[in-house]
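Asker: what follows is a predicted protein model with its sequence.
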Amino acid sequence: MTLFPFAAIVGQQALKDALIMAAIEPSIGGVLALGDRGTGKSTAIRALAELLPAIDVVKGCRFNCAPGARNGMCEACSKPGRRATCRMTAPVVDLPLGATEDRVTGALDLERALGHGEKQFEPGLLARAHRGFLYIDEVNLLDDHLVDLLLDVAASGENVVEREGLSVRHPAKFVLVGSGNPEEGDLRPQLLDRFGLCVDVRTSAEVKERIEIVRRRDAYERNPDDFVEDWAEATEELRARIVQARGAMGRVEVPEAVLEKAVELCCKLGADGLRGELTLLRAARARAALDGEDTVTEAALRSVAVSALRHRLRKDPLDDTDASVRVERAMTEVLVS
């Protein structure tokens, strides 16, 4: 299937920036896009696959193990010996809303068991998503038992399957990306906290912007191949910027004064835990790397603060102000640039 080009998406800058930051620095912890239906959330997330740099994997490994990794490998790849390697596109895997636990975690290969009498593990979606992105549309409607499962795997970086006579462990480290309409239900706090960045996606009120959105979508649906070809150069330029930023991340420094401002901002907002500060710094470092800077500035903090902190605020019964506005208000008091 030909995907709508990421570079061709009109507007929704906060969502696009959050996805690019997560692609540059996976340790940010993923992206949650909440908002109106029909605003391009799924389109942008699925289009991200075209921008991700290829990864090296052990040839024939069903779990996308990285060659030469010291730990976090499957049982077969952890055994001594040299193995052939190959390159593959970083995976972006959809987790359907009605997926069963077997489909997500993997299970006994029934066809092989019945036909050959052999017990063999059939990897699930978590295995496919290792070292890539796992996308859940309508994440706020996900069954509780799957939420518990994802929380366990996200915390450990490992998927454990022990049933039907099988005992399998394999690495499962992925960037979790979710989208949904908050009017249809809230996320459990434990799952909400696992997302590094959260963006509010709204329908554009600008007439010219809406016209351009409709024009591009119509052109894409009429001739997808030609439309993608027209945007191929812009797509390649954006991919190159992401690759370059990834390589520059290790050289980006965080001055002590900027670290203090990040902590002060989180304290001002009363953010629970320390994930707010860590996400804020990681996202700001990714922003600086994308912009070609070697030092994180207060401007970089400002550019990512709303998406890094808006979902970490405690609810104040005396203040029903939108979370994004509360973050913006706190930034005017803490950040000077």
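Answerer: Cool, got the structure. Computed from a predicted model, the values in this text were never measured in an experiment.

Asker: give me the contact list for the helix or strand encompassing V147.
Answerer: Counting by DSSP states H and E, the element that carries V147 is helix 144-156. By C-beta atoms under 8 Å, 6 or more residues apart in numbering, the surrounding residues in contact with helix 144-156 are 99, 101, 104-105, 126, 142, 159, 172, 176, 188, 190-191, 194. C-beta: built from backbone N, CA, C; applies to glycine.

Asker: and it, C-alpha only, in PDB?
Answerer: The C-alpha trace of helix 144-156 is given here as PDB (Å, rounded to 0.1, in the frame of the first residue of the first chain):
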ATOM      1  CA  ASP A 144      -7.600  -3.700  30.200                       C
ATOM      2  CA  HIS A 145      -5.800  -7.000  30.000                       C
ATOM      3  CA  LEU A 146      -3.900  -5.800  26.900                       C
ATOM      4  CA  VAL A 147      -3.000  -2.600  28.700                       C
ATOM      5  CA  ASP A 148      -1.600  -4.600  31.600                       C
ATOM      6  CA  LEU A 149       0.400  -6.700  29.200                       C
ATOM      7  CA  LEU A 150       1.800  -3.700  27.300                       C
ATOM      8  CA  LEU A 151       2.800  -2.000  30.600                       C
ATOM      9  CA  ASP A 152       4.700  -5.100  31.700                       C
ATOM     10  CA  VAL A 153       6.600  -5.400  28.400                       C
ATOM     11  CA  ALA A 154       7.300  -1.600  28.200                       C
ATOM     12  CA  ALA A 155       8.800  -1.700  31.700                       C
ATOM     13  CA  SER A 156      11.000  -4.800  31.100                       C
END
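
Asker: in that helix, what's buried?
Answerer: Across helix 144-156, burial judged by 16 or more other C-beta atoms under 10 Å covers L146, V147, L149, L150, V153, A154.

Asker: least confident pick among these?
Answerer: Note: of the buried residues of helix 144-156, the lowest pLDDT belongs to A154, at 83.

Asker: do you know how far it is from T295?
Answerer: Look at A154 and T295: by C-beta to C-beta, to the nearest Å, they are 31 Å apart.

Asker: ok, G35 next?
Answerer: Look at G35 and T295: by C-beta to C-beta, they are 33 Å apart.

Asker: who's more crowded, those two?
Answerer: More crowded of G35 and T295, by other C-beta atoms under 10 Å: G35, with 20 against 13.

Asker: now for the closest residue to the more buried one other than its chain neighbours, how many residues are close by?
Answerer: Sequence neighbours aside, V201 is the residue nearest to G35 in space, at 3.2 Å (criterion: C-beta to C-beta, 6 or more residues apart in numbering). Residues near V201, counting by other C-beta under 10 Å, number 19.

Asker: now do G157
Answerer: The tally of other residues near G157 (other C-beta under 10 Å) stands at 13.

Asker: relative to A286, how far out is it?
Answerer: Counting by C-beta to C-beta, the separation of G157 from A286 is 20 Å.

Asker: and L125, what pLDDT?
Answerer: Looking at L125, its pLDDT stands at 89.

Asker: hmm, it is touching V93, no?
Answerer: Yes. Counting by C-beta atoms under 8 Å, V93 is a contact partner of L125 at 5.4 Å.

Asker: common neighbours of those two, please.
Answerer: L134.

Asker: helices of this protein, start to end?
Answerer: With helices called from DSSP state H, the chain shows them at 13-24, 41-47, 101-105, 110-116, 125-129, 144-156, 189-192, 207-222, 224-230, 232-248, 256-269, 275-290, 298-309, 323-334.

Asker: could I get the fifth one in PDB with only the CA atoms?
Answerer: The reference is to helix 125-129. What follows is helix 125-129, C-alpha atoms only, in PDB (Å, rounded to 0.1, in the frame of the first residue of the first chain):
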ATOM      1  CA  LEU A 125       3.000  -8.200  17.100                       C
ATOM      2  CA  LEU A 126       5.400  -7.400  19.900                       C
ATOM      3  CA  ALA A 127       8.200  -9.400  18.200                       C
ATOM      4  CA  ARG A 128       7.600  -7.600  14.900                       C
ATOM      5  CA  ALA A 129       7.700  -4.200  16.600                       C
END
